[in-house]
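[1] My questions are about this predicted structure, shown below with the sequence.
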Amino acid sequence: MERSLSHDANSTVSHTDDDARSPSPLLHVATRSRSRGVIQVLLRRGVVAIDERDSEGRTALHIATELGDEVLVRLLLGQGADTRVKDAHGRLALHYAVEKGQCEVVELLLDHNT
C-alpha cells in the first residue's frame, strides 16, 4: 500500500462528502474510517498535507473532533495539525467538540493551545 500511495501526488479520491459533491481528500477519508495506520502512512510519506481542507473548509482535525476520537485527535495534533484553522462557516475544531459534547477532546484541544 505504501508503494502505490507514494507515487500518487493526487490527494483526493472519488469518494464524496455526504453534504457535497466534490472529492474528499485522502486524509479525510482515512480519518472518517478511523484508519490510524493509513493516516500515519499518508503523513509520513508526504502524500497529504495535515491541514488540507475539504469542500466545507474542514480539516482532518475537524472530522476527528466531530467523531470524538481522542486517539485520532492526539495523532493529528502530534503531527502538527493547526487548531486555529476555521471551516467555511468560521468554526474551529474546538467548536465541533463543544457542539458534540466531547469533553475529553475539548480538554485536548485547549491543552494543545496553551
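    Received it, and whenever you're ready, just let me know what you need.

[2] so where do the helices sit in this structure?
    Along the chain, counting by DSSP state H, helices occupy 2-6, 26-32, 36-44, 60-67, 70-78, 93-99, 103-112.

[3] tilt between the last one and helix 60-67?
    Pointing back at helix 103-112 there. 150 degrees (axes from the mean of the first three to the mean of the last three CA atoms, to 10 degrees).

[4] and for helix 103-112, what are the contacting residues?
    65, 68, 69, 70, 73, 74, 77, 83, 93, 94, 97, 98 (CB atoms under 8 Å, 6 or more residues apart in numbering). Heads up, the C-betas are built off the backbone N, CA and C, glycines and all.

[5] ok, which pair from those is furthest apart?
    74 and 98 (18.1 Å; CB to CB).

[6] Relative to residue 29, which of the contacts of helix 103-112 is nearest.
    Nearest to residue 29 among the contacts of helix 103-112, with distances taken as CB to CB, is residue 69, at 14.6 Å.

[7] Where does pLDDT dip in the chain?
    In the predicted model of the chain, residues 1-22, 114 satisfy pLDDT under 70.

[8] Tell me which of the helices of the chain sits most buried.
    Of all the helices of the chain, helix 60-67 carries the top mean neighbour count, a mean of 26, counting by mean count of other CB atoms under 10 Å.

[9] Would you format the contacts of helix 103-112 as a markdown table with distance to residue 24 included?
    Shown next, in a markdown table, are the contacts of helix 103-112 (distance: CB to CB, whole Å):
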| residue | distance to residue 24 |
| --- | --- |
| 65 | 17 |
| 68 | 20 |
| 69 | 17 |
| 70 | 22 |
| 73 | 19 |
| 74 | 22 |
| 77 | 21 |
| 83 | 21 |
| 93 | 17 |
| 94 | 22 |
| 97 | 21 |
| 98 | 24 |
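
[10] Would you tell me which one of these comes nearest to residue 36?
    Taking the contacts of helix 103-112 together and measuring to residue 36 by CB to CB, the closest member is residue 69, at 9.1 Å.

[11] Identify the residues contacting the closest residue to the closest one other than its chain neighbours.
    Spatial nearest neighbour of residue 69, excluding adjacent residues (CB to CB, 6 or more residues apart in numbering): residue 34 at 6.1 Å. Contacts for residue 34 (CB under 8 Å, 6+ apart) come out as 67, 69, 72.
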